[in-house]
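Colleague: I'd like to go over a predicted model; first the sequence, then the structure.
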Amino acid sequence: MKLLHLADLHIGKRVNEFSMLEDQRTILEQILQIADKEHPDVVLIAGDIYDKTIPPGEAVSVLDDFLTGLARMGLPVFLICGNHDSAERLNFGSRILKEQGIIIASSYQGSLSPVILKDSYGEVEIYLVPFIKPALAAPFFPNLTLETTEDAVRAILEPILDSPDRRRVLVAHQFVTNQGNLPQQSESETAYVGGSDAVDASVFHAFDYVALGHLHGPQKMLRDTIRYAGSPLKYSFSESRHKKSVTMVELKEKGKVDIHQIPLTPLRDMREIRGPLEQLVHPDVVGSANPLDYIQATLTDEEELMDPIGRLRVCYPNIMRLELENRPGRQEESKTAASGDISQKTPMELFSDFYRTQNEKEMTEEQKALMESLFQTSKEEMP
């Protein structure tokens with residue numbers, strides 16, 4: 001049985017105020033093409049379907065198109081709720097979707113009942129455990145004290161005993177560790193350091209494959225068959241070196257599982273560039289990769305620069321971040337100048353902060369006088 005494992009779609013996400021919807025629509029269309037080529041028997045989506053509990057209408061439309069595409073291929077889909085999702089909203093229409101082979105587990109309901117599928121080797125049991133916290137699980141286990149997330153997950157999975165002949169797959173969305181060793185994390189995820197939120201991978205001993213969601217870097221935990229698929233797109237510059245992919249899993253006879261990753265190619269990459277301003281805007285450098293990529297630029301110039309972000313944006317329209325490596329004093333100055341209670345600042349003070357942040361220098365007296373005049377004229381014309 002072939003399983004296509006993906007997770008952390010975060011549909012509707014904005015990165016540094018850039019909407020990722022076009023990129024997400026493109027990458028999901030690419031995943032549909034992979035599904036059409038690879039012919040998986042099942043698609044597993046391990047949570048964080050949306051980026052917000054109340055997704056924008058465009059995000060709902062993107063998910064609708066994706067699930068419709070999978071349904072038209074006749075592919076069973078098993079989808080769970082992540083910590084970014086609203087269980088109630090994700091569950092909308094789930095009974096109708098179930099008739100189309102799309103199974104949604106939005107919240108834990110007190111017991112686990114597997115969906116049983118068959119292939120040439122026999123039956124495969126698929127279990128779905130949406131994102132869980134001790135407080136959500138506690139009402140179903142009144143005789144247990146659930147202090148940590150691991151306590152909750154252990155209580156939920158305890159009835160599922162090891163079996164020498166039954167093949168089992170689990171789809172889950174949790175922060176999984178390996179004997180205290182933390183997984184690779186990125187800036188775009190909720191920060192964890194272990195503790196009460198951590199779930200040790202040994203909890204999943206009864207399963208032949210565990211399809212995890214929650215972390216954005218594809219990686220295994222404890223063994224090859226406990227895996228994070230990772231997000232299909234880069235959602236922070238800490239992920240700029242990630243190789244995004246979907247995971248294809250082939251279950252054969254009990255104890256034999258083949259796994260390989262299929263790379264994804266984004267509409268726009270997310271990458272970092274570094275060097276002097278004149279070098280970065282040189283046509284040879286700009287043309288060496290897609291200039292429409294999402295860019296974090298680190299300038300190494302020591303001299304004062306005139307409108308560096310403006311010059312970079314001419315060459316890299318989707319530049320997201322600018323860092324000035326050799327002027328930490330000025331960077332700190334621009335940060336502190338823009339801080340504080342903005343409600344107590346005049347329009348002129350706010351504009352001065354903005355100008356300082358953008359240009360790394362103060363306004364001239366002539367510029368200040370011009371802006372004061374414009375603000376005064378605007379004030380007089382207001383009704």
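Modeller: Sure thing, it's come through.

Colleague: flag the shaky bits of the stretch 101-250 of the chain, pLDDT-wise.
Modeller: Applying pLDDT under 70 to the stretch 101-250 of the chain flags residues 190-195.

Colleague: so where do the helices sit in it?
Modeller: Applying DSSP state H, counting those that start in this stretch to the stretch 101-250 of the chain gives helices spanning 134-137, 149-157.

Colleague: dump those helices into TSV; add mean neighbour count as well.
Modeller: All C-beta atoms are positioned from the backbone trio N, CA, C, and that covers glycine. Shown next, in TSV, are these (neighbours: other CB atoms under 10 Å):
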stretch	mean neighbour count
helix 134-137	16
helix 149-157	20
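
Colleague: of those, which is nearest residue 38?
Modeller: helix 149-157 (29.6 Å; CB to CB).

Colleague: name the helices or strands packed onto the closest one?
Modeller: Applying 3 or more CB pairs under 8 Å, 6 or more residues apart in numbering; DSSP states H and E, one finds that helix 149-157 makes contact with strand 122-129, helix 134-137, strand 198-200.

Colleague: residue 35: which of these is closest?
Modeller: strand 122-129 (17.3 Å).

Colleague: got the buried residues for the closest one?
Modeller: For strand 122-129, burial by neighbour count (16 or more other CB atoms under 10 Å) applies to 124, 125, 126, 127, 128, 129.

Colleague: quick check: bridge partners of the third one?
Modeller: Just to be clear, that refers to residue 126. Beta-bridge partners for residue 126, by DSSP bridges, are residue 115, residue 169.

Colleague: closest one to residue 54 among the helices and strands packed on helix 149-157?
Modeller: That would be helix 134-137 among these, by CB to CB, at 19.6 Å.

Colleague: tell me what that closest one is packed against?
Modeller: Helices and strands touching helix 134-137, as assessed by 3+ CB pairs under 8 Å, 6+ apart, comprise helix 149-157.

Colleague: which residues sit against the helix it packs on?
Modeller: Applying CB atoms under 8 Å, 6 or more residues apart in numbering, the contact partners of helix 149-157 are 108, 112, 129, 132-134, 136-138, 141, 144-146, 170, 172, 174-175, 196-200, 203-204, 206.

Colleague: which among those residues count as buried?
Modeller: 108, 112, 129, 132-134, 136-138, 141, 146, 170, 172, 174-175, 197-200, 203-204, 206.

Colleague: buried set for the helix or strand hosting residue 349?
Modeller: Residue 349 is part of helix 347-359, with elements assigned from DSSP states H and E. By 16+ other CB under 10 Å, the buried positions in helix 347-359 come out as 351, 352, 353, 355, 356, 359.

Colleague: again with stretch 169-185
Modeller: 169, 170, 171, 172, 173, 174, 175, 176, 177, 183, 185.

Colleague: cool, and stretch 242-250?
Modeller: 242, 244, 245, 246, 247, 248, 249.

Colleague: list just the nearest of those to residue 117.
Modeller: Lowest distance from residue 117 to the buried residues of stretch 242-250 (CB to CB) belongs to residue 249, with 13.4 Å.
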